[in-house]
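Participant: sharing a model prediction with you, sequence too.
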Amino acid sequence: MPTGIQHVSKYVSLASLSLSFLTLGATAFGGPAMVAYIRKMAVEDKKWLDEETFRNGVALCQTIPGATAMQVSAYVGFRVRGAVGAAVSFIGFGLPAFLLMVGLSAVYARSFRLPPVVAIFNGLQVIVVALVANATVSFGKSSLKGFWDATIAIFAAGLFGLGVSPILVIALAALLGLAIYKDKPVETFSADSARNSGSVGSLFIITAVAAFGFVLLFFLERRLFDLGAVMLKIDLFAFGGGFASVPLMFHEIVEVRSWMDSQTFLNGIALGQITPGPIVITATFVGYILYGLFGAMVATLSVFLPSFLMVIGVTPYFDRLRNSAYATRAIGAVLCSFVGLLLAVTFRFGSNIQWDVHRSLLAAVAFVALLFKVQIIWVVLMGTILSALFL
């Protein structure tokens, strides 16, 4: 067993890790609920980790940017088999969603002008508005605890509505958090003595390989380099989970670079909800529509790479980050800003819909269903059926 890995009850082979997460990744629908599926497998069924270690991992993955469920899979693999285990678990968990999204994107590219397909996606775009609105409510409940939290959210929504870059909004929110919450007490946590001496070396090797790949893209295919760079930036600032990437990706792909129109981007989000895995898998759709299979691969790798590297790099030193008053206050404010960004995106997406009675009813029913915790996949499938029948 690798030196420095603790809290593991037994030796776990890489093949077992890969197969377990591949199976889970093929069936894990439901957004944040995917974390619960990982916990059941890793803690209760396989007994790879104890409950406290897993909870610490979830706290870590909620603190750093990126899709939380993907990061938790990497965290479990890291605790079990080090950096290689993290890579095996991460790839296994995300591979089914990637493959399915590539297939759906290929079908979409060849059929999106057919009248029945147009009708279905007209309805699914309404579902996406309800989906983002529900994410706004969920983020709001968990992130907004007082007057200043709500103020930061409204401030962020206003700036985004005025066309200010979401990344600048996030930076301003972090600075506001440092100023506003300077007297707010910070909860302290007990230190975990576990360290992985090989994590720094693994982090360096993976980063070097990725950097070399980007250098090659820069000289051989600049368009793919630009796509990868945008996706890297999106993941670096997506605090709060996969949904945090939605306003960032929309801004970069649709508004700044005009690589696709808002309707097509909405369709990509809708397809992302048919697949297992996080909503950020929409990056695969974007890459495929722009540059085919190779574009899908570059976009997907890029949008997951920063958060994966952070899991490897930060896990051994997470207690210092979690006990830092500055980091806690800044991250708390950033999470509040994402409520505002999601609210603005909800209105932006809604403005692209040609609303009528049928669409309004479909949006309302979908929103209520999501509020009552109906799984996203069922909401999307029912929306698809209703759209084909009535729109």
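Facilitator: Yes, it's here.

Participant: how many neighbours does the residue lying closest to residue 38 once chain neighbours are set aside have?
Facilitator: Take residue 38 and drop its neighbours on the chain: the residue closest to it by C-beta to C-beta, 6 or more residues apart in numbering is residue 72, 5.2 Å away. Where C-beta positions appear, they are placed from N, C-alpha and C, glycine not excepted. Under the neighbour criterion other C-beta atoms under 10 Å, residue 72 is assigned a count of 26.

Participant: what sits against residue 72?
Facilitator: Taking C-beta atoms under 8 Å, 6 or more residues apart in numbering, we find residue 72 in contact with 35, 38, 57-58, 61.

Participant: got CSV for the residues you listed, with secondary structure, pLDDT and distance to residue 351 too?
Facilitator: CSV is the format used below for those (DSSP: H, G, I helix; E, B strand; the rest coil; pLDDT from 0 to 100; distance: C-beta to C-beta, whole Å):
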residue, secondary structure, pLDDT, distance to residue 351
35, helix, 81, 33
38, helix, 88, 37
57, helix, 84, 39
58, helix, 82, 36
61, helix, 84, 33
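
Participant: mind showing which ranges of the stretch 151-300 of the chain have poor pLDDT?
Facilitator: Where the stretch 151-300 of the chain drops to pLDDT under 70, the residues are 185-199.

Participant: quick one, strands of it?
Facilitator: Ranges of strands in the stretch 151-300 of the chain, per DSSP state E, counting those that start in this stretch: none exist.

Participant: so residue 123 touches residue 386, yeah?
Facilitator: Yes. Counting by C-beta atoms under 8 Å, residue 123 touches residue 386, with 6.2 Å between them.

Participant: now do the shared contacts for these two.
Facilitator: residue 362.

Participant: if you count what's nearby, which of these two comes out ahead?
Facilitator: residue 123 (26 against 19).

Participant: which residues touch that one?
Facilitator: Applying C-beta under 8 Å, 6+ apart, the residues contacting residue 123 are 359, 362, 383-384, 386-388, 390-391.

Participant: quick one: contacts for residue 336?
Facilitator: 143-144, 149-150, 152-153, 156, 173, 177.

Participant: which among those gets closest to residue 291?
Facilitator: Lowest distance from residue 291 to those (C-beta to C-beta) belongs to residue 156, with 32.0 Å.

Participant: follow-up on the earlier one: among the contacts of residue 123, name the buried ones.
Facilitator: Neighbour counting with 16 or more other C-beta atoms under 10 Å marks 359, 362, 383-384, 386-387, 391 as buried within these.

Participant: identify the farthest-apart pair in the residues you listed.
Facilitator: Taking C-beta to C-beta, no two of the buried ones among the contacts of residue 123 sit farther apart than 359 and 384, at 14.2 Å.

Participant: skipping its backbone neighbours, what lies nearest residue 163 in space?
Facilitator: residue 255 (7.6 Å).

Participant: any idea how many residues pack against that neighbour?
Facilitator: 14.

Participant: ok, now residue 147?
Facilitator: Neighbours of residue 147 using other C-beta under 10 Å come to 9.

Participant: for it, give me its contacts.
Facilitator: Neighbours of residue 147 in contact, by C-beta under 8 Å, 6+ apart: none.

Participant: ok, 10 Å please
Facilitator: The contact partners of residue 147, taken as C-beta atoms under 10 Å, 6 or more residues apart in numbering, are residue 180.

Participant: list just the nearest of the contacts of residue 123 to residue 21.
Facilitator: Distances from residue 21 to these, taken by C-beta to C-beta, are shortest for residue 384, at 28.0 Å.

Participant: helix, strand or coil for the closest one?
Facilitator: Three-state assignment for residue 384 (DSSP: H, G, I helix; E, B strand; the rest coil): helix.

Participant: what's the closest non-adjacent residue to it?
Facilitator: residue 120 is the one closest to residue 384 (C-beta to C-beta, 6+ apart), at 5.5 Å.
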